[in-house]
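S.K.: next one to model:
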Amino acid sequence: MRKLFFLASFFVTYTAHTQDTLRIMSYNVLNYSSSHYPTRYNDMKEILMHVKPDIVVCSEMVDASGAELLLDNAFNMAGLGTFSRSTFIDGPDTDNMIYYNTGKVKFKAQYQITTALRNITRYRMYFLISPTDTAWMDIFSCHLKASSGFEAERLAECQDLCTYMAGMDNNQNIIVGGDFNFYGSSTETGFNWLTSTNCSHQLYDPINRIGNWNNNSSFKDVHTQSTRVNNEPDGGSTGGMDDRFDFLFTNANVMDGTDKVRYVYDSYTTVGQDANHFNLAVTDSPTNSAVPASVANALYDMSDHLPIYFDVAIAVDINVSEYAHNLTAANVVWINDGNAMSESRFIVNSTKFMQTTLEVTDMSGKKVVSQQLNLNSGDNYVTLTNADLQKGQYLLTIKNNEGWIGCKFLRF
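M.R.: Now for the predicted structure:
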């Protein structure tokens, strides 16, 4: 049977990289201040010791003294290294804050984005790959209008964010975290605005869990609020775990690793969510299987929301002369013989024999192909096995314990 050959173009190619990893967490800290149950810093410390984040963006921060209490008594007492924080800026209602491990990531600047309600904050962060190379990230913290019936207000806040991002370069790595209060489902106009081409830097839900979240047991593994059933003196919401209010979004650059920062597939985690506490408190029976009892108790006492996190890999250049394994992805050729199962083949050039792993992920970050490769010196003609890929865009990665390359390709 005659075969049809298609050449798929590369959007990016990395040569000879290793990687470091950063863990980024987002957390609504429930009106945290120096006067509103400030010793909750002990609970935050317990959570940090369990999660071990490198960057934490917080919403519902009330004052600078509270921000400093968390820094001194939680972040810098958790044994994770030396942390610093951004400047507290007092805007309408509660405010944002970012904490970061100074041994791993650096802080450049912060910018306030005004809305009709709470401010959105942009934090410009960077990772030093080498004295002459830097990986940049723009991390945003949001806390949108709460409650059902305020969809129009949340939409306006999302539009303000997208209007601001329209002034940013296309090649920037964007992560947007916070309490979005999308009440009900992904059909809400604000969510759709952020995750569509209406937004100049279209955002993606890395786990692609789209649907009707409110009080729906089908999404019990991603619900983030409420950690409690009963009223507590701190005034947090009740009702048990039945809403997905908290998100960490990324843009396409982070999803596919276009510019040195890449979402680590399957790293998105809702801390303390074991999918066994639908409409229950995180400390209710059965025993929480996602975290130790001490962490479950801390999550209950710290906030009415659960924190979420994911990891990003930072590509770091390797000295090719030292490691002598410069991988160069030459091209991709698709072969379709007319059968339902298509064959996918491409060429990889290596400077020596090496054992590697090949992975293909779709644009939501889902791994669709994984196979082991033995590469010889020179051109290697590689065929994907069990790869009945649908038409669309994918990320191909070849890696071992010394380095990796990645590129986007199109399935026609």
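S.K.: centre-most residue in the chain?
M.R.: Nearest to the mean C-alpha position of the chain, by Cα atoms, centre = their mean, lies F310 at 4.5 Å.
S.K.: pLDDT wise, what is it at?
M.R.: At F310, the pLDDT value in this model is 96.
S.K.: quick one: contacts for it?
M.R.: Contacts for F310 (Cβ atoms under 8 Å, 6 or more residues apart in numbering) come out as R23, I24, P206, L248, Y263, V264, S267, Y268, T269. C-beta coordinates here come from the backbone N, C-alpha and C atoms, glycine included.
S.K.: and with 10 Å instead?
M.R.: Residues near F310 by Cβ atoms under 10 Å, 6 or more residues apart in numbering: 22-26, 175, 177, 206-207, 248, 250, 254, 263-269, 365.
S.K.: equivalent analysis for R122, please.
M.R.: By Cβ under 10 Å, 6+ apart, the neighbours of R122 are 96, 98, 109-113, 138-141, 161, 164-165, 168, 174, 176.
S.K.: helices - which of these land there?
M.R.: If you go by DSSP state H, those have L161, Y164, M165 in helices.
S.K.: if I've got this straight, D301 is in a helix?
M.R.: Yes. Assessed with DSSP: H, G, I helix; E, B strand; the rest coil, D301 lies in a helix.
S.K.: which one is it nearest to, not counting chain neighbours?
M.R.: In this structure, D301 finds its nearest non-sequential neighbour in D43, 4.7 Å apart by Cβ to Cβ, 6 or more residues apart in numbering.
S.K.: circling back to that earlier point, the residue nearest to the centre of the chain bridge partners, please.
M.R.: I24 (DSSP bridges).
S.K.: how far away is it from T250?
M.R.: Distance of F310 to T250, computed by Cβ to Cβ, to the nearest Å: 8 Å.
S.K.: by mean pLDDT, flag the weakest helix or strand of the protein.
M.R.: Least confident helix or strand, the chain: helix 320-323 with a mean of 27, by mean pLDDT, DSSP states H and E.
S.K.: select from the ones in helices among the contacts of R122 the one having the most neighbours.
M.R.: L161 (24 neighbours; other Cβ atoms under 10 Å).
S.K.: for the stretch 101-250 of the chain, just list every one of the helices.
M.R.: In the stretch 101-250 of the chain, the helices defined using DSSP state H, counting those that start in this stretch lie at 151-165, 189-194.
S.K.: export those to TSV and tack on distance to V57 and mean pLDDT?
M.R.: Shown next, in TSV, are these (distance: least, Cβ to Cβ, whole Å; pLDDT from 0 to 100):
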stretch	distance to V57	mean pLDDT
helix 151-165	14	98
helix 189-194	16	97
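S.K.: got the confidence number for the nearest residue to G235 once chain neighbours are set aside?
M.R.: Spatial nearest neighbour of G235, excluding adjacent residues (Cβ to Cβ, 6+ apart): N31 at 7.1 Å. Listed pLDDT for N31 reads 98.
S.K.: does N31 belong to a helix, a strand or coil?
M.R.: strand.
S.K.: quick one: it and D179, what's the gap?
M.R.: Distance from N31 to D179, by Cβ to Cβ: 12 Å.
S.K.: look up how far S34 lies from the residue nearest to the centre of the chain.
M.R.: In terms of Cβ to Cβ, F310 sits 31 Å off from S34.
S.K.: same deal with Q202?
M.R.: 39 Å.
S.K.: okay, those two: which has more neighbours?
M.R.: Using other Cβ under 10 Å as the criterion, Q202 and S34 rank with Q202 on top: 17 against 14.
S.K.: for the stretch 51-200 of the chain, which segments count as strands?
M.R.: 55-61, 83-85, 95-101, 106-113, 120-130, 133-143, 174-179 (DSSP state E, counting those that start in this stretch).
S.K.: just the buried residues of the contacts of R122.
M.R.: Among these, the ones that count as buried by 16 or more other Cβ atoms under 10 Å are 96, 98, 110, 113, 138-141, 161, 164-165, 174, 176.
S.K.: and stretch 84-100, end to end?
M.R.: Start and end residues of stretch 84-100 are separated by 6 Å (Cα to Cα, to the nearest Å).
S.K.: of all the residues in that stretch, which ones are buried?
M.R.: R85, S86, F88, G91, T94, D95, N96, M97, I98, Y99, Y100.
S.K.: swap in stretch 124-134?
M.R.: Neighbour-count burial for stretch 124-134 [16+ other Cβ under 10 Å]: M125, F127, I129.
S.K.: contacts for it?
M.R.: Residues contacting stretch 124-134 (Cβ under 10 Å, 6+ apart): 17, 20, 22, 24, 54-55, 86, 98, 100, 104-111, 135-139, 172-173, 175, 260-261, 312, 314-317, 319.
S.K.: try 8 Å
M.R.: In contact with stretch 124-134 (Cβ under 8 Å, 6+ apart) are residues 20, 22, 55, 98, 100, 104-111, 135-139, 260-261, 314-317.
S.K.: by contact count, what packs against the helix or strand T383 falls within?
M.R.: If you go by DSSP states H and E, T383 is part of strand 378-384. With contacts taken as 3 or more Cβ pairs under 8 Å, 6 or more residues apart in numbering; DSSP states H and E, strand 378-384 sits against strand 343-350, strand 354-362, strand 367-375.
S.K.: weakest of the ones you listed in terms of mean pLDDT?
M.R.: Across the helices and strands packed on strand 378-384, strand 343-350 gives the lowest mean pLDDT, at a mean of 64.
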